[in-house]
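J.: show me the folded form of this:
(one chain, ligands or ions: 1)
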Amino acid sequence: MRTPPAQPSRRDVLAGFGGLAGALAARPSCSRADARTTAALGLRLAAAEALLRGTLPASPVWDFSGGPWPLLRQDDSLDLTLTNDLPVPVLLDWRSCDGTPAIEPLLVQRPLQPGQTSTLRLTLTQAGTVLYDARLLGDGLLRPLPASGLAVLERKPPMVDADRLVTITDWRVRSDGSVVAPGVDPGDALAVFTANGATALDIAIRAHSRLRFRFINACHRSPIALKIDDHDLRFMAIDGLPASPFSARDGQLVLAPGTRIDAFVDATGRPGTRSAIWLHDRVSARRLGQLVYDVAEPLRPAPLGPPDALMVSAVPERLALSSARRIELAVDVRTEGATATWSSPSAFTTATPPAFQVKRGATVVLALLNRAAAPVTFHLHGHRMRWLDRLDDGWKPFWLDTLLVPGGQTVRVAFLAEHVGPWLMEMMGTEWTAPRLVNWYAVS
Ligand SMILES: [Cu+2]
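T.: Here you go, the predicted structure:
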């Protein structure tokens, strides 16, 4: 199956004429005059409680409140008001709204101080699953900061019978019920995983229906694998962008922290049955929840046939690898925190020179060097990257903004630098104690 060709936008066409690039540079690509609807939402960061261990009282946590989210479609605008009712400064990071320098944390957006409110207009040019993340300044605080997800529907949504966003978060819970922030030693605190805030997730399903899952790994450091007993998971999109559909190998989806995967599940089970949803965190398999089949007759005589690929917009069709700028970037984790090139978000200043600088229109091949033994998660802001194959000029059939670099390996990625601006890069180890580190690059 092939991905439908990207619709060339006016911007892409103009990008072919270098001289015109400057005229467009000032205009964020995520804002468009023809946006359909402008929705408004007030979001608050505030103290809350969560039931994380059955035998313990509710844990005091920090979470988003507000909503519910309005129904958002591709090209809608969202006027967002964020109020910080926490005792610490916060910064929101939006994954899936590429090419919008105005929302870039640290480099453009300043931390929102306790008691402050900020407003932001987001325009969502690509349908998909978005992660909004308040954790950038969250290492070592009194409590962990939250991250959550939202769905932006396609203008012509695919045929599904239900659409379920599943945000998976991990916690370290002490015996008195208090929770530990990432970046510090959790001691003997218990590891707990939640899906949409609950320790057990029941998903009602009708036989022969098609369910669209939007899985988000909002764990602080941990990569996870997901599996549903006796069900095929059809991989449809990753990091908010469509991929050529394929069945997950061994029925298992692997998500780095920050990764979003849209997967279709056809309900092939019988009415009245249950199928467990499993999460594997590389230590153990845990039951995250279950599909609960309705006792009613199947919704249709047979499950639907293989789905068509979702429509992609605004990704480059080709990458000129032969003429690419080739850059080596060390992503080794130093447990001491700041290194010469990577610094902790709270210590980061824009006076730090960029890790690299390229002209708009350049194809960049980044060699991510991990000489340490443990894997690291790398996250690129501003652009989507192709994961290049080792031996030839091919690449994996999807675009990413987040990936794992295994220990002792070099992973090569490529992207077209089409958005002018300063862009952040993030890197962290997969242990709870690993510091979150940042760096940046510039496209001029
Ligand atoms: Cu980010």
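J.: quick one: contacts for the spatially most distant residue from the centre of the chain?
T.: Within the chain, the residue lying farthest from the chain centre (Cα atoms, centre = their mean) is residue 297, at 36.7 Å. The neighbours of residue 297, taking Cβ atoms under 8 Å, 6 or more residues apart in numbering as the test, are 207, 271. C-beta: built from backbone N, CA, C; applies to glycine.
J.: next: the one 4 residues further on.
T.: Residue 301 makes contact with residue 208, according to Cβ under 8 Å, 6+ apart.
J.: do you know how far it is from residue 439?
T.: Distance, residue 301 to residue 439, using Cβ to Cβ, to the nearest Å: 55 Å.
J.: same question, residue 379
T.: 11 Å.
J.: find the residues that touch each one of the two.
T.: Contact criterion Cβ under 8 Å, 6+ apart; residues shared by residue 379 and residue 439: 425, 426, 427.
J.: would you reformat those as a markdown table and include pLDDT and neighbour count?
T.: Output for the shared contacts of residue 379 and residue 439, formatted as a markdown table (pLDDT from 0 to 100; neighbours: other Cβ atoms under 10 Å):
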| residue | pLDDT | neighbour count |
| --- | --- | --- |
| 425 | 96 | 23 |
| 426 | 96 | 24 |
| 427 | 95 | 25 |
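J.: now do the contacts for the closest residue to residue 363 other than its chain neighbours.
T.: The shortest distance from residue 363 to any non-neighbouring residue, by Cβ to Cβ, 6 or more residues apart in numbering, is to residue 324 (4.1 Å). By Cβ under 8 Å, 6+ apart, the residues touching residue 324 are 362, 363, 364, 365, 414.
J.: the third one belongs to a helix, doesn't it?
T.: The reference is to residue 364. No. Per DSSP: H, G, I helix; E, B strand; the rest coil, residue 364 lies outside any helix segment and is strand.
J.: could I get the contacting residues of it?
T.: Contacts of residue 364 (Cβ under 8 Å, 6+ apart): 324, 325, 327, 356, 358, 414, 415, 416, 417.
J.: same check on the last one?
T.: Counting by Cβ under 8 Å, 6+ apart, residue 414 makes contact with 319, 321, 324, 363, 364, 365, 366, 385, 386, 388, 395.
J.: ditto for the second one
T.: By Cβ under 8 Å, 6+ apart, residue 363 lies in contact with 319, 320, 321, 323, 324, 325, 414, 415, 416, 417.
J.: and the residue lying closest to residue 272 once chain neighbours are set aside, helix, strand or coil?
T.: Nearest residue to residue 272 in three dimensions, chain neighbours excluded: residue 295, at 4.5 Å (Cβ to Cβ, 6+ apart). When states are read from three-state DSSP, the local structure at residue 295 comes out as coil.
J.: quick one: residue 108 and residue 90, what's the gap?
T.: For residue 108 relative to residue 90 (Cβ to Cβ), the value is 15 Å.
J.: so these two - more neighbours on which side?
T.: Between residue 108 and residue 90, residue 90 has the larger neighbour count (other Cβ atoms under 10 Å), namely 24 against 15.
J.: residue 102 should be in a helix, yeah?
T.: Yes. The assignment for residue 102 (three-state DSSP) places it in a helix.
J.: that one touches residue 108, doesn't it?
T.: Yes. Assessed by Cβ atoms under 8 Å, residue 102 is found in contact with residue 108 at 6.1 Å.
J.: I'd say residue 177 and residue 56 touch.
T.: Yes. Using Cβ under 8 Å, residue 177 is in contact with residue 56, at 4.4 Å.
J.: quick one, what contacts residue 96?
T.: Contacts for residue 96 (Cβ under 8 Å, 6+ apart) come out as 124, 126, 128, 129, 130, 131, 152, 239, 240, 241, 260, 401.
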